[in-house]
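Colleague: what's the 3D shape of this:
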Amino acid sequence: MININSLAIALFIESFLVIIIALFVFLKNPKAKVNIIFSLYSFTGFIFLLGTAIMLLSSNEKSIIFWDRFVYLGVVFMPSLMFHLGTLISKNEIFYKKWIIIGYILSFIFLPISRTNYFLKDLFVYEWGVHGIAQFFHHIFILIFMLYITAYLTIIYKHFRKSTVGQERNQSRYYLIASTVLMLTSIQFIPAYKISVIPIGYFFIIIYLFIVGYAMIKYRLMDIRIAITRTSIFIAVYTIVLGSPFALTAIYKDYLFSKIGTNWFYVPLSAMALLATIGPFVLIYINRRVEARLLREQHRYQETLKQASLGMVRIRDLNKLFKLIVHILTRTVKLSYAAVYFYDEKHQKYILSALRDHEREGIQIIEEKSALIDWLKRKREPIIYEELKRKLQDMKGLQLEAMEKVMSHLGASVIIPCFSRDKLLGFLVMGEKVSGQIYTQEDINVFSVLSHQTALAIENALFYKEVKETQEQLFQAEKMATIGTMADGLSHQINNRFNAMSIIAEDSIDTIDVTKIGNEATAIIELIEELKYSLKRIKDNAMQGGEVVRGILKYSRTGKEGIEPLSIDQILDSAIEMVKYKVKMEKLNLLRLFAKDLPPIKGNLTQLQEVFFNLIDNANDAIAEYAEEQETSDFKGTIQVNAHTLPDDHIRIIFEDNGIGVKEDDREKLFTPFFTTKVSSRRGTGLGLYVIKKIITQNHNGRIFIESHYKKGTKFIIELPIFKQR
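Modeller: Next up, the predicted model:
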């Protein structure tokens, strides 16, 4: 007859802890096969522990043998479920599919056999309990059990060896330690062979299930040292909490009975209630003290990151900000790799803005429509690579596959989004820790704070940039207003002088015309004709000068008068007539590559003449600079002028030269007032292209673009409306 003992109570409690773990893991992801198999395996442990507890409480041999055989309803499925779990953990289920099927078949074969005398017969009673005596089929089952547990350990060990440094390796370390612990549970089969053992194997089951269950669900949130330490502290504390009352009963039962009588059991019950009340507080206190020691280094760099994030808002330059972030992350957290991607509104893409890893180039551009960006925008939470791989294993999907591919290419262990209200400004990419440790939940929280501070710093930097640009625009507008005022004040004086020149030239021509030359020498006649020609040119240029002044006035007042139909040849000829006084045209090849029958342009001749003049002049300077750099005298520059109609009733005119070209950093600044790329400030004021753009876009409702590659030449593309008769 077996009496009630503390072991049976402990096994009851343990069995319910096991079923709680099983339910918790299953409910975390009921569709995942690995969670299902783990829960089923845990359920077999529940049957094993519950059946053993009831067996120890049974009062007759028939009841004992029944519950002993009941235990094997779970035990016969342990090897097959355990092996199947190992193949899922190591991602080798398909490779071992045949052995998984064989394992389940053997389990179902042993299920009815375990209920017979060919499996267990009679009883072996020993100091710590009781067990049925093993028979022939029990020997075979134990052999199969040991083969499958050995295969399971081999698979887990290989998985650990193949795992890369970082989270995956840390996860596999959980499984390896837990599996080694599981081996110790097999000592509970020894009493079946009439050998007395201390029943410690029962308690290794709960340790195994706790570690593996934790690793499956939240392995990224805690270092293996913390998991093992917490488990050890939990077992130690609750061994005292649950064991002390039973020890009190065993040692002082007779003494308490003699002093209190039949109510002696109130003492151990009161002790149990007291210990159960203070137990959780003791557990929390010890856990905090131990973790503070183990995570001292981690807490140090987390505090450093918090302080650094507060100081980032004072940085006004985005490039400096991004470089600082990757520097802090790699140096403080000791990461193998860190990068920052920032949204480029102009191109609507996320651009690699800072990178810290000498061995990695990184993906330069990530499209806004990519699966990764879509996920970040919808979920608004960090992405952990190992969790993503687990999701992909549990449920296939094109988006998850695309995200996994991008993160793998990036070498990212964690991606932290950076939001400003509802706008994804960018994201931080972090590789693995050099130490190989995993990212904890505290890490993720600190990185999220860093991300929020980064968003604020970016907004501050952008606001500062906008204010600066606005100030520059106001400054330039003031300068242009001054130029307009000067044009108003000087135009009268300049026009008077042009008029005087025109009158003098015209009077001289009239005088020559009315003078009777007679029989003077031919040379004098030719001299007079040349003088007459020069005076006509003075008159023409005086008239054109007046037109230029009126053009400036019209430009500064944004007037629209003087619009007429113009041919490209007409504008080009007029521009060349002006530019030839500044540029040696004989040293240039100016090619007209457009059809003569193109429709006329709607424009102002004087203003468009200025545009063409500036483009030819700029091309000449670029060609001269390139020739000077090449140190060659036989280089001859070429300017090609091409044109064709567009479907939207515009004509596209292309000026292309083979000069020095424009550097990439300067292209976006070309149309900024007072910015010049010319080697000498004396050769350019920086207003030419600015004025050209205003003439084309504002005065002619056209468009202008530039395409240029340094040392390969430049294209200016102008699109102007076609003139239509009303």
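Colleague: can you map out the strands along the stretch 1-150 of the chain?
Modeller: 120-126, 129-134 (DSSP state E, counting those that start in this stretch).
Colleague: and the host helix or strand of residue 269, how far from the chain's centre?
Modeller: According to DSSP states H and E, residue 269 maps onto helix 266-294. For helix 266-294, the separation from the chain centroid amounts to 44 Å (computed by Cα atoms, centre = their mean, to the nearest Å).
Colleague: quick check: mean pLDDT across that helix?
Modeller: Averaged across helix 266-294, the pLDDT comes to 72.
Colleague: for that helix, name the packing helices and strands.
Modeller: Judged by 3 or more Cβ pairs under 8 Å, 6 or more residues apart in numbering; DSSP states H and E, the packing partners of helix 266-294 are helix 224-260. (Glycine included, C-beta is placed from N, CA and C.)
Colleague: domains of the chain?
Modeller: 6-220, 222-294, 298-465, 472-556, 564-721 (automatic domain parsing).
Colleague: burial measure for the residue nearest to residue 657 when sequence neighbours are not counted, as a count.
Modeller: Spatially, and ignoring its direct neighbours in sequence, residue 657 is nearest to residue 619 (3.8 Å; Cβ to Cβ, 6 or more residues apart in numbering). When neighbours are counted by other Cβ atoms under 10 Å, residue 619 registers 25.
Colleague: just the CA atoms of the helix or strand hosting residue 409, as CSV, please.
Modeller: According to DSSP H and E, residue 409 maps onto helix 398-410. Provided in CSV are the C-alpha atoms of helix 398-410 (Å, rounded to 0.1, in the frame of the first residue of the first chain):
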residue,chain,number,x,y,z
LEU,A,398,5.0,36.6,-51.5
GLN,A,399,5.4,39.7,-49.3
LEU,A,400,7.2,37.8,-46.6
GLU,A,401,9.5,36.1,-49.2
ALA,A,402,10.3,39.5,-50.7
MET,A,403,11.0,41.0,-47.3
GLU,A,404,13.2,38.1,-46.3
LYS,A,405,15.2,38.5,-49.6
VAL,A,406,15.7,42.3,-49.0
MET,A,407,16.7,41.8,-45.3
SER,A,408,19.1,39.0,-46.2
HIS,A,409,20.7,41.2,-48.9
LEU,A,410,20.9,44.1,-46.4
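Colleague: now the element after the lowest-mean-pLDDT helix or strand in the chain, going C-ward?
Modeller: Across the helices and strands of the chain, mean pLDDT, DSSP states H and E gives its lowest value to helix 296-311, namely a mean of 60. Scanning forward in sequence from helix 296-311 by DSSP H and E, the next helix or strand is helix 318-332.
Colleague: picking up where we left off before, CSV please, covering the strands of the stretch 1-150 of the chain and showing mean pLDDT.
Modeller: Formatted as CSV, these follow (pLDDT from 0 to 100):
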stretch, mean pLDDT
strand 120-126, 85
strand 129-134, 84
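Colleague: ok, which of those comes nearest residue 196?
Modeller: strand 120-126 (3.9 Å; Cβ to Cβ).
Colleague: can you mark which positions in the closest one are buried?
Modeller: Judged by neighbour count (16 or more other Cβ atoms under 10 Å), strand 120-126 contains these buried residues: 120, 123-124.
Colleague: helices or strands up against that strand?
Modeller: helix 61-75, strand 129-134.
Colleague: worst mean pLDDT among those?
Modeller: strand 129-134 (a mean of 84).
Colleague: which residues does that strand contact?
Modeller: 2, 7, 52, 55-56, 64-65, 68-69, 119-124, 142, 189, 191-194, 199 (Cβ atoms under 8 Å, 6 or more residues apart in numbering).
Colleague: repeat that for 6 Å
Modeller: Outside strand 129-134, the residues that touch it by Cβ atoms under 6 Å, 6 or more residues apart in numbering are 2, 56, 64-65, 68, 120-124, 191-193.
Colleague: pLDDT wise, what is residue 623 at?
Modeller: For residue 623, pLDDT reads 89.
Colleague: and for residue 709?
Modeller: 87.
Colleague: now swap in residue 117 and tell me
Modeller: Reported pLDDT for residue 117: 90.
Colleague: out of the helices and strands packed on strand 120-126, which is closest to residue 157?
Modeller: Nearest of the helices and strands packed on strand 120-126 (Cβ to Cβ): helix 61-75, 24.1 Å.
Colleague: buried residues, the closest one. List them.
Modeller: Buried-residue list, helix 61-75, by 16+ other Cβ under 10 Å: 64-65, 67-72, 74-75.
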